[in-house]
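Asker: after the sequence you'll find the predicted model.
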Amino acid sequence: MAESILLTPGATREQTYQELFPQIESVVMGETHLVANLANIAAMLREAFGFFWVGFYTKVEGKDELVLGPFQGPLACTRIPFSKGVCGAAALTQEAQLVPNVNEFPGHIACSSASQSEVVIPVVAEGTTQLVLDVDSDQLDDFTQLDVEELTKIMELVRKQHFVE
Ligand code: SME
């Protein structure tokens, strides 16, 4: 495995996703341990885009609750019920959440007051949300449909490698 990711400095976010995807694919498809892969994805996304916070919440067995998984960034909340916050909404609806201003999202959980916008992508298998990817920015309106699409492609790799026979 390569020791570090290779990206063109100053590239657009779209180009960076294009360059990053095969590198994430190679890491994820080369390893069968879920936590190891989530840890490296969080590290690669943070390094590539400098996101304020990027990480995972995984479903608690037998409960409609998420618990903190591998992440990069400041200290985070550990437990999130499916009924609360942006992560909970993604887990409950099984749909990506794109939130331009978290202060206007009912029930948003402010792990950090610096967080201003957020995108959350669920990984769904066997009818259940298995985990969510949460990316937070300290800028308002920092994410677009491009982020939803590209991050969904990355989460599809996780779903294929870890949750599909
Ligand atoms: N803001 C999230 C909680 C997780 S942290 O931002 C890391 C939410 O409302 O679900």
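Answerer: Ah, there it is. Numbering: from 1, shown residues only.

Asker: list the buried ones in stretch 86-98?
Answerer: Of all the residues in stretch 86-98, those buried under the rule 16 or more other CB atoms under 10 Å are Val86, Cys87, Gly88, Ala89, Ala90, Ala91, Ala96, Gln97, Leu98. Just so you know, the C-beta spots here come from the backbone N, C-alpha and C atoms, and that holds for glycine as well.

Asker: and if you look at stretch 18-32?
Answerer: Using 16+ other CB under 10 Å as the test for burial, stretch 18-32 gives Leu20, Gln23, Ile24, Val27, Val28.

Asker: can you list the residues you listed in TSV and add secondary structure and distance to the ligand?
Answerer: Formatted as TSV, these follow (DSSP: H, G, I helix; E, B strand; the rest coil; distance: CB to the nearest ligand atom, whole Å):
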residue	secondary structure	distance to the ligand
Leu20	helix	21
Gln23	helix	24
Ile24	helix	20
Val27	helix	23
Val28	helix	22
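
Asker: most widely separated two among the residues you listed?
Answerer: Leu20 and Val28 (11.9 Å; CB to CB).

Asker: please state the offset of stretch 153-165 from the chain centre?
Answerer: Counting by CA atoms, centre = their mean, to the nearest Å, stretch 153-165 is centred 13 Å from the centre of its parent chain.

Asker: who touches it?
Answerer: 21, 24-25, 28-29, 32, 34, 37-38, 41, 45, 121-126, 130-131, 133 (CB atoms under 8 Å, 6 or more residues apart in numbering).

Asker: could the C-alpha coordinates of that stretch be exported in CSV?
Answerer: Taking Å, rounded to 0.1, in the frame of the first residue of the first chain, the C-alpha atoms of stretch 153-165 are listed here in CSV:
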residue,chain,number,x,y,z
LYS,A,153,-19.6,6.6,-4.2
ILE,A,154,-16.9,6.1,-1.4
MET,A,155,-19.5,4.7,1.0
GLU,A,156,-20.7,2.3,-1.7
LEU,A,157,-17.1,0.8,-1.6
VAL,A,158,-17.5,0.3,2.2
ARG,A,159,-21.0,-1.3,1.7
LYS,A,160,-19.6,-3.7,-1.0
GLN,A,161,-16.5,-4.6,1.0
HIS,A,162,-18.1,-5.0,4.4
PHE,A,163,-21.9,-5.5,4.2
VAL,A,164,-22.6,-7.5,1.0
GLU,A,165,-21.9,-11.2,0.6
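
Asker: okay if I get the buried residues of stretch 18-32 as a markdown table plus pLDDT and distance to Gly107?
Answerer: Formatted as a markdown table, the buried residues of stretch 18-32 follow (pLDDT from 0 to 100; distance: CB to CB, whole Å):
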| residue | pLDDT | distance to Gly107 |
| --- | --- | --- |
| Leu20 | 98 | 31 |
| Gln23 | 97 | 35 |
| Ile24 | 98 | 31 |
| Val27 | 97 | 34 |
| Val28 | 97 | 31 |
